[in-house]
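J.: here's a sequence, model it:
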Amino acid sequence: MLIAFSITPLGVGESVGDLVADAVRVVRESGLPNRTDAMFTTIEGEWDEVMSVVKRAVDAVAERAPRVSVVLKADVRPGVTDALSGKVARIEARLAEG
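T.: The predicted structure is shown next:
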């Protein structure tokens, strides 16, 4: 499964980069395939392991922020692996075809 999520620290002022970096660090240390862009971090794995990483990332931010907002989107497809890069590769292949 793929989980795309965004964590926003609230009540800590305008600059939240350090707190967001704490969340991304948790994801990267998980060892699960992941990708971070300007809006979301996407991770791939089994339900329990992916949701555990999301919880740990939220907890890391909550240690320094009085409130945390989480947006989450899931693509649940049992038996599918390498969806994180495979989906993008298929689109890129279609674009290359013209």
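J.: so what's the residue nearest the centre of the chain bridging to?
T.: The centroid of the chain falls nearest to Thr41 when counting by CA atoms, centre = their mean (2.8 Å). In this structure, Thr41 bridges to Phe5, Thr36 when assessed by DSSP bridges.
J.: roughly how far does it sit from Ala93?
T.: Distance of Thr41 to Ala93, given as CB to CB, to the nearest Å: 25 Å. Yep, even glycine has a C-beta here, placed from its N, CA and C like the rest.
J.: model confidence over the longest helix that the chain contains, on average?
T.: What stands out as the longest helix in the chain, according to DSSP state H, is helix 47-62. What helix 47-62 shows for mean pLDDT is 97.
J.: ok, residues contacting it?
T.: 1, 3, 5, 7, 9, 19-20, 22-27, 30, 32, 41, 43-45, 68, 70, 72, 76 (CB atoms under 8 Å, 6 or more residues apart in numbering).
J.: go again using 6 Å as the cut-off
T.: Under the contact criterion CB atoms under 6 Å, 6 or more residues apart in numbering, helix 47-62 has outside partners 3, 5, 7, 9, 19, 22-23, 26-27, 30, 43, 68, 70.
J.: return the set of buried residues in that helix.
T.: Val50, Met51, Val53, Val54, Ala57, Val58, Ala60, Val61, Ala62 (16 or more other CB atoms under 10 Å).
J.: ok, of those, which one's closest to Thr36?
T.: Ala57 (11.1 Å; CB to CB).
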